[in-house]
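Engineer: Need the 3D shape of this:
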Amino acid sequence: MKELISKEREKIALANGLSIGSLKVSFLLLSRLLELGWNFALSRWRLRRVNELGKIVFTRKKPTILNSGTIKIGNLVRIWSNVNRVRLAVGKGAELTIGANTRLNGPTISVSHKVHIGKNCRIAPHVIIMDSDFHDVNDRLAEGKGGSIVIKDGAWVATRAMVLKNVTIGKGAIVASGAVVTKDVPDYCVAGGVPAKIIKRLEVPAEGETEKVLG
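Structural biologist: Next up is the predicted model:
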């Protein structure tokens, strides 16, 4: 907590061209802390249907949460509904886990089996993550196929992309806007197109630099 307050003080000082120890920075920091305190309390209420919630999780505007299974959200996760409302729908017996310091900025996530989103991920507006077909191709009244989705640490799924059943998106990978992911995306690769294919390989960060890149 002390580290977060210190970082916030530095941000305020830099944004206003003031010294870190000035009285005005302290006043602005206090105002900011009061605002964050209110947001924290409101976020706990908005996320009351979540089974396991990290110590510090913030929302912007109200998400839609339908939970008949299990939702686990890690520490320092941000759930923003500014551009598009975040929608989380978890069916009976299904599980959604979201790792620490991940940002959901307006996606729709439908879980019939299991969806795991790692740490330090970025999920953009209008993204759809769906681990089931819901309907069989030949018999629309029959249940469709499904399978788990894994999005590893540091991955970024860009605007209007779709991630479908039985897919793993690798560590530090990027899914381009509008892509439809039906197959695995390796670590540190960019995937794009319909269906998504590997269009670029990213530089793998050196040991010790990984967390910096992912964060």
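Engineer: what's the residue lying closest to residue 60 once chain neighbours are set aside in contact with, if anything?
Structural biologist: Leaving aside its chain neighbours, residue 60 sits nearest to residue 80 (4.5 Å; criterion: CB to CB, 6 or more residues apart in numbering). The C-beta positions use only the backbone N, C-alpha and C, and glycine is treated the same way. For residue 80, the contacting residues are 59-61, 86, 103-106, by CB atoms under 8 Å, 6 or more residues apart in numbering.
Engineer: Of those residues, which is the nearest to residue 23?
Structural biologist: Using CB to CB, residue 60 comes nearest to residue 23 of those, at 29.6 Å.
Engineer: List the contacts of that closest one.
Structural biologist: 78-82.
Engineer: And the pLDDT for it?
Structural biologist: Looking at residue 60, its pLDDT reads 95.
Engineer: gap between it and residue 70?
Structural biologist: Distance of residue 60 to residue 70, computed by CB to CB, to the nearest Å: 24 Å.
Engineer: How is this structure partitioned into domains?
Structural biologist: Split into domains by automatic domain parsing, the chain comes to 1-46, 50-206.
Engineer: Determine how far the last one lies from the middle of the whole chain.
Structural biologist: Relative to its parent chain, domain 50-206 has a centroid offset of 7 Å by CA atoms, centre = their mean, to the nearest Å.
Engineer: Which element, helix or strand, includes the spatially closest residue to residue 200 that is not a sequence neighbour?
Structural biologist: Nearest in space to residue 200, with sequence neighbours left out and distances taken as CB to CB, 6+ apart, is residue 190 at 4.0 Å. Counting by DSSP states H and E, the element that carries residue 190 is strand 189-192.
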